[in-house]
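Participant: Need a 3D model of the sequence below.
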Amino acid sequence: MSKKTALKKLDISINLVPQDPFFETPLGRFLKWALSVGRYIVIFTELIVIVSFASRFTLDRMVTDLNGSINQKERVIQSYGDLEAEFRFIQQQIEDHRQLKQDANLIDIFPILNENIPRNVVFETLLIRPDAINFTGSALSQDALNVLVNNLQLSPYFTQVTVNKIESRGEKTTGFNFDMKAAINLHAKK
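Facilitator: Sure, this is the predicted structure:
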């Protein structure tokens, strides 16, 4: 029994691989560290690649859903295309009607002018706008010019009659050249 007690179990490890003295140098220790850390870097990089690959399916599904939504909304917008064309056509008709109504009002001014202009007055330029009239011309006599100014001032269709210029036509010809303007009031009642 004494032999049994003398033999105690000892933990002995035997390494039959000889130790390389290279791993004791600074370069060897760095390479040993790089190899152990490099494994973790490779594993981390592979995990990133796997996550990227897996997220690609999610992103592809989102792109597909987005394209489907865009196509659906595009079809809805195209279905309103006829409505928009009809709306624009009606807007153009309304604008044309307004223009025709305005032109009709401008045409109404000619008989009124004809009533107020003496025979001895000739217009050289006549500019008619919806709210005013500008004209230049010549009157063969001072009486004709006076009658023109008085008729325009007394007419209910013209207001703010302004004579911008009166000048003699010259020594060899009789009469006066004039430049006038007046505001138009076609809604006035005689």
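Participant: where's A183, which helix or strand?
Facilitator: strand 176-184 (DSSP states H and E).
Participant: mind listing what's buried in that strand?
Facilitator: 176-182, 184 (16 or more other Cβ atoms under 10 Å). Every C-beta, even on glycine, is put in place using the N, C-alpha and C of the backbone.
Participant: Same check on stretch 67-87?
Facilitator: Going by neighbour count (16+ other Cβ under 10 Å), nothing in stretch 67-87 comes out as buried.
Participant: do stretch 161-177 as well
Facilitator: Neighbour counts using 16+ other Cβ under 10 Å place 161, 175-177 of stretch 161-177 among the buried residues.
Participant: how about the helices in the protein?
Facilitator: 2-6, 26-79, 81-107, 109-116, 142-154 (DSSP state H).
Participant: from those helices, which stretch is densest packed?
Facilitator: Using mean count of other Cβ atoms under 10 Å, the stretch among the helices of the chain with the largest mean neighbour count is helix 142-154, at a mean of 16.
Participant: thought Y157 was touching I184?
Facilitator: Yes - taking Cβ atoms under 8 Å as the definition, Y157 is a contact partner of I184 at 6.7 Å.
Participant: who touches both of the two?
Facilitator: Here Y157 and I184 have I109 as joint contacts, going by Cβ atoms under 8 Å, 6 or more residues apart in numbering.
Participant: Give me the distance between I128 and A183.
Facilitator: Distance of I128 to A183, computed by Cβ to Cβ, to the nearest Å: 12 Å.
Participant: now do N150
Facilitator: When Cβ to Cβ is the yardstick, N150 and A183 sit 17 Å from each other.
Participant: Walk me through which strands the strand ranked longest in the chain pairs with, and which way each runs.
Facilitator: Here the longest strand in the chain is taken by residue count, with DSSP state E as the criterion, and it is strand 158-168. According to DSSP bridges, strand 158-168 forms sheet pairs with strand 176-184 (antiparallel).
Participant: Include distance to L27 and pLDDT when you put the buried residues of stretch 161-177 into TSV, please.
Facilitator: Formatted as TSV, the entries for the buried residues of stretch 161-177 read as follows, by distance: Cβ to Cβ, whole Å; pLDDT from 0 to 100:
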residue	distance to L27	pLDDT
V161	110	87
G175	118	82
F176	115	84
N177	111	88
